[in-house]
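A.B. asks: here is my input, please return the structure:
(one chain, ligands or ions: 1)
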Amino acid sequence: MPSQTEKAFKPGSTCPPPPGPGKLRLYSMRFCPYAQRTRLFLAAKGIEYETVNISVLSEKPDWFFEKTPLGKVPVLEKDGKIVYESLVCNEYLDGIYPDKCITPSDPLEKARQSMVLALWDSKVIGFYYKLILTKDRDEWPAVAKQLVDGMQAIENALTQPFFSGDNAGALDYNLWPWFERFSMLKDRGVELQEKKFPKLTAWKEHMLELPEVKACYFPPEVQEQFGKSWMEGTPDYDIGLKK
Ligand SMILES: N[C@@H](CCC(=O)N[C@@H](CS)C(=O)NCC(=O)O)C(=O)O
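C.D. replies: Numbering: from 1, shown residues only. A predicted model of the protein is given here:
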């Protein structure tokens, strides 16, 4: 479970003062899988940072658009410089903190990882969000089937034990956050059965062993609690903060 001091900034809040010289800040939302991509990179690289949580799923504070015109998390801020978009943030982190570089240096491997992410976006993630946002129950089985069918391309792309080879790397961290969240969709027909996805099943076990994954992990019941409030139209970005 993340241990940083966290506070959710909502409409009406004032923009926090910039982080001090040399300090890194992550604008985030506790349950955002894209922000988790960046938190995984930060944890794997052992970088210290502070977190500013934004109420991105409901109304956002106006000042957040001064940080990013897209109004989405994650966003990084350091020494007056701003970077947004999860994949861009992650490459930027490797650029400014070159120790323990996670982004592949080999052009072909980098291209391969980008191609798997393109498969992920077109064959899986579109259906994931469609399933969350579709209120009509009659549509769920067909969308769930499209998601599970699309996952076959990801299973096929998995070099074992990790997507990035012998050790977890950029592709593993960039895919992982949704695997923590698929349990939110089991009632809507998403089940990744071991016999259909043996490589992904083994990969999930390996990922759960990693300290960086543990550092950013929310157990299924917490994800499901968040997912329920989101699907019901009351995204409770404060879950956990109130405990
Ligand atoms: N392509 C973006 C997607 C980020 C994203 O969609 N973040 C969500 C939270 S999980 C967000 O900020 N949503 C607010 C909105 O869409 O207005 C990335 O990779 O960083």
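
A.B. asks: burial count for P104?
C.D. replies: Burial of P104 is recorded as 19 neighbouring residues (other Cβ atoms under 10 Å). To be clear about C-beta, it is placed using only N, CA and C from the backbone, and glycine gets the same treatment.

A.B. asks: which residues of this structure lie near the ligand?
C.D. replies: By Cβ under 6 Å from any ligand atom, the residues of the chain that approach the ligand are 29, 32-34, 56, 71-74, 85-87.

A.B. asks: next step: the residues you listed restricted to helices.
C.D. replies: Of the positions in these, 33-34, 86-87 sit in helices, assigned by DSSP state H.

A.B. asks: which of those has the most neighbours?
C.D. replies: Busiest of those [other Cβ under 10 Å] is S86, holding 23 neighbours.

A.B. asks: ok, then the element right after the longest helix along the chain?
C.D. replies: In the chain, ranked by residue count with DSSP H as the criterion, the top helix is helix 140-157. Next along the chain after helix 140-157, taking DSSP states H and E as the criterion, comes helix 170-181.

A.B. asks: show me what contacts the closest residue in space to V143 that isn't next to it in sequence?
C.D. replies: Counting by Cβ to Cβ, 6 or more residues apart in numbering, the nearest residue to V143 once its immediate chain neighbours are dropped is L131, at 4.7 Å. By Cβ atoms under 8 Å, 6 or more residues apart in numbering, the contact list for L131 reads 140, 143-144, 147, 185, 188, 190.

A.B. asks: now E77
C.D. replies: 18-19, 24-25, 27, 67.

A.B. asks: out of the residues you listed, which is nearest to G169?
C.D. replies: L24 (21.2 Å; Cβ to Cβ).

A.B. asks: count of neighbours near that closest one?
C.D. replies: Quick note: L24 (other Cβ under 10 Å) scores 17 neighbours.

A.B. asks: list the backbone torsions phi and psi for it.
C.D. replies: Backbone dihedrals for L24, given as degrees, to the nearest 10, come out at phi -110, psi 140.

A.B. asks: tell me what it is bridged to.
C.D. replies: K78 (DSSP bridges).

A.B. asks: that one touches K45, doesn't it?
C.D. replies: No. Contact criterion Cβ atoms under 8 Å: L24 and K45 do not qualify, at 10.9 Å.

A.B. asks: how is this structure carved up into domains?
C.D. replies: With automatic domain parsing as the criterion, the domains of the chain are listed as 3-102, 107-228.

A.B. asks: tell me the mean pLDDT for the shortest one?
C.D. replies: Predicted confidence along domain 3-102 averages 92 (mean pLDDT).

A.B. asks: likewise stretch 234-241?
C.D. replies: In this model, stretch 234-241 carries a mean pLDDT of 59.

A.B. asks: re the thing from before, from the contacts of E77, list the buried ones, please.
C.D. replies: For those, a burial check counting by 16 or more other Cβ atoms under 10 Å picks out 19, 24-25, 27, 67.

A.B. asks: out of these, flag the one nearest to the ligand.
C.D. replies: Checking these against the ligand by Cβ to the nearest ligand atom gives Y27 as the nearest, at 9.1 Å.
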